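Undergrad: coords please:
(one chain, ligands or ions: 2)
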Amino acid sequence: MDIVERIIVSEEAIQERVQELAADISRDYAGKTITLLCVLKGGLMFLCDLAKHITQPVEYDFMSVSSYGDATETSGIVRITKDLEESLEGKHVLIVEDIIDTGLTLNYLVKILQSRNPASLRICTLLTKPANRRVEIPIDYVGFEVPNEFLVGYGLDYKQLYRNVPYVFVPSKELLERA
Ligand code: IMP
Ligand code: MG
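TA: Ligands and ions are numbered 1, 2, ... in the order given. Now for the predicted structure:
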């Protein structure tokens, strides 16, 4: 089965952009230790590639969140299903996300994380869908702006699958129609 309808961001383009972002981050955080905060599971692939090219000292922490209520509409209220293992107090925290769509999830998460008194809190996302944004959210590092379509690959899943595909694509009808 061909799972790909159209490639939106190729593996080469992702890898090149990841290196540029890592260079920007390394420069901006000169002399500081960075806490890369991965929002599971989508941010994992991006975090691993990004971290390889950051030249400052880096530590990782991980959290999982899920939206409350109706699954088809993002509620904007987030439940932490796996919390961080370390305190954020006094740390330079960089949230690493796969994609920002409506922005509601991250907007809520940022409020929670700010209340834990990090020294700084910034956002790095590989992808953004600006057309679908519901809340204004300041993003410090962006890989690519993408069209308002359902995308899969490089962290993004369809029914928990295809997160491992090294590029971002529009899934084929065949894949979406498969039971
Ligand atoms: P939002 O910004 O609160 O709407 O939610 C962002 C989250 O929705 C992301 O972290 C993804 O997990 C998921 N998401 C948004 N767009 C897509 C997509 O095109 N494919 C797969 N997951 C997506
Ligand atoms: Mg995500």
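Undergrad: Am I right that Phe169 is in contact with Val4?
TA: Yes. Between Phe169 and Val4 there is a contact under CB atoms under 8 Å: 4.8 Å. Bear in mind the C-beta positions are built from the backbone N, C-alpha and C, glycine included.
Undergrad: more neighbours, those two?
TA: More crowded of Phe169 and Val4, by other CB atoms under 10 Å: Phe169, with 21 against 17.
Undergrad: which residues does the more buried one contact?
TA: 3-8, 151-153 (CB atoms under 8 Å, 6 or more residues apart in numbering).
Undergrad: Sticking with it, tell me its helix or strand.
TA: Per DSSP states H and E, Phe169 falls inside strand 168-171.
Undergrad: now do Arg163
TA: Using DSSP H and E, Arg163 falls outside every helix and strand.
Undergrad: what does Ile7 give?
TA: With DSSP H and E as the test, Ile7 turns up in strand 4-9.
Undergrad: before we move on, what about Leu21?
TA: helix 11-28.
Undergrad: And the residue nearest the centre of this structure?
TA: Glu97 (1.2 Å; CA atoms, centre = their mean).
Undergrad: And the residue of the protein closest to ligand 2?
TA: Gly42 (3.4 Å; CB to the ion).
Undergrad: residues contacting that residue?
TA: 97-99, 155-157, 163.
Undergrad: switch the cut-off to 10 Å
TA: The contact partners of Gly42, by CB atoms under 10 Å, 6 or more residues apart in numbering, come to 96-99, 125-127, 154-157, 163.
Undergrad: Can you tell me what sits against the helix or strand of the chain with the lowest mean pLDDT?
TA: Lowest on mean pLDDT, DSSP states H and E among the helices and strands of the chain sits strand 78-82, with a mean of 90. Residues from elsewhere that reach strand 78-82 (CB under 10 Å, 6+ apart): 40, 62-69, 104-109, 111-112.
Undergrad: Could you tell me the angle between whatever helix or strand comes next after that strand and helix 11-28?
TA: Going down the chain from strand 78-82, the next helix or strand is strand 92-100, by DSSP H and E. Inter-element angle recorded for strand 92-100 and helix 11-28: 160 degrees (by axes from the mean of the first three to the mean of the last three CA atoms, to 10 degrees).
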